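> sequence isn't available, so here's the structure alone:
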Ligand code: UD1
């Protein structure tokens with residue numbers, strides 16, 4: 001099948017592109033490169049042995065999207081493109097609604113015009129807001145605590161409205177927990193600009209000596225060691241979840257939401273220890289105050305994806321840390 005990946009040169013999109021290419025699909029990347037590099041397409045071609053075209057374009061360019069869908073005879077779209085920094089979304093909400101919600105609207109118009117009606121959307125566990133119970137299943141109430149989360153929620157709801165209006169649509173919203181790790185080749189991975197906001201990229205930069213220590217945001221949470229607990233999932237497992245969702249949509253129309261997580265929670269200090277073991281480097285920590293907006297614990301019930309998609313995460317914490325470390329070492333020169 002010919003598949004378009006918006007945001008395809010980004011962290012999660014690039015790993016999904018690889019898994020799809022290796023499963024025999026023809027992938028086309030569509031990206032404005034605002035948070036990724038053009039050479040990702042060559043790297044994917046190098047690993048997969050298949051050509052990986054990259055169309056450089058913006059999500060809000062509906063004409064270019066429609067031309068790309070037609071030109072490459074696209075049958076399904078995986079939609080990763082979007083801004084994703086929580087703090088930035090609070091400071092610049094309009095940029096988030098414009099890129100994320102406006103960009104998706106533009107994509108849906110292009111798809112409708114061309115007659116492509118299969119979509120897998122990159123959603124987030126952030127749509128659950130403050131957890132009311134654990135593990136979080138897909139029936140958990142949704143809410144948002146910042147413009148980034150609200151943009152994801154608006155998109156999910158927009159997709160549900162679209163599906164209700166036309167039964168030919170097939171839509172899967174994949175609610176990611178905390179993606180970490182990299183492909184074993186060390187050729188693709190997460191390349192945050194500036195100071196990383198997420199835990200593992202920051203830990204990796206401390207381990208390699210680029211930053212002196214990790215600030216641990218709070219040790220007074222009601223968790224076993226007092227630090228925040230999250231459901232970290234290997235990005236290759238996450239990527240395989242997209243292949244499973246596409247296979248599912250081949251047999252099911254309608255709107256569907258699936259959690260992609262492991263179902264296991266790990267604390268900040270557990271992650272630091274696992275990273276020290278994988279890298280053989282020390283990761284000095286400083287306990288500081290809580291980060292605004294953080295919750296104590298958040299982890300998934302991954303049962304729905306297991307039963308309906310026949311998918312589950314297989315890779316363990318040591319692989320998540322070792323592959324992050326491998327990528328960090330190989331890319332020390334290009335990351336800024
Ligand atoms: C964050 C976002 C979430 C987004 C997700 C994307 C916030 C409040 N939440 O989730 O909306 O969907 O990233 O991946 O920004 N930590 C430290 N020190 C650090 C960084 C993190 O102690 O320098 C701790 C955090 O307090 C948390 C854990 O590490 O307990 C994971 O943090 P992070 O990687 O930012 O993920 P989330 O907070 O789950």
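Alright, I've got the coordinates. From a predicted model like this one, the values you see are computed outputs, not experimental measurements. Numbers count the residues shown, from 1 in each chain.

> next up, phi/psi of the residue of the stretch 101-250 of the chain at minimum distance from the ligand, please.
Proximity of the stretch 101-250 of the chain to the ligand (CB to the nearest ligand atom) peaks at residue 228, 2.2 Å away. The C-beta positions use only the backbone N, C-alpha and C, and glycine is treated the same way. Here is the backbone geometry of residue 228 (degrees, to the nearest 10): phi -60, psi 140.

> and for the one 5 residues further on?
Main-chain torsions, residue 233, degrees, to the nearest 10: phi -130, psi 140.

> what packs against the helix or strand of the chain with the lowest mean pLDDT?
Using mean pLDDT, DSSP states H and E, helix 86-91 stands out as the lowest-scoring helix or strand of the chain, at a mean of 95. The helices and strands touching helix 86-91, judged by 3 or more CB pairs under 8 Å, 6 or more residues apart in numbering; DSSP states H and E, are helix 93-96, helix 147-165.

> for residue 111, which of these is the nearest?
helix 147-165 (9.6 Å; CB to CB).

> any idea which helix or strand comes after the closest one?
Going down the chain from helix 147-165, the next helix or strand is strand 170-176, by DSSP states H and E.

> just give the strands next to that next one in its sheet, each with its orientation.
Each strand paired with strand 170-176, and its direction, by DSSP bridges: strand 118-124 (parallel), strand 254-260 (parallel).

> quick one: residues contacting the closest residue to residue 240 other than its chain neighbours.
Distances taken as CB to CB, 6 or more residues apart in numbering place residue 19 nearest to residue 240, at 5.5 Å, with adjacent residues excluded. Taking CB atoms under 8 Å, 6 or more residues apart in numbering, we find residue 19 in contact with 236, 239-240, 242-243.

> end to end, how far does stretch 135-151 reach?
24 Å (CA to CA, to the nearest Å).

> which residues does that stretch contact?
Here stretch 135-151 makes contact (CB under 8 Å, 6+ apart) with 82-86, 88-90, 93, 96-97, 100-101, 124-133, 152-153, 156, 175, 257-259, 263, 293, 298-301, 303-304.

> keep only those residues that also lie close to the ligand.
Counting by CB under 6 Å from any ligand atom, 86, 124, 126, 293 from these sit close to the ligand.

> count of residues packed around the first one?
Residue crowding around residue 86 was assessed by other CB atoms under 10 Å; the count is 17.

> doesn't residue 293 make contact with it?
Yes - using CB atoms under 8 Å, residue 86 is in contact with residue 293, at 6.8 Å.
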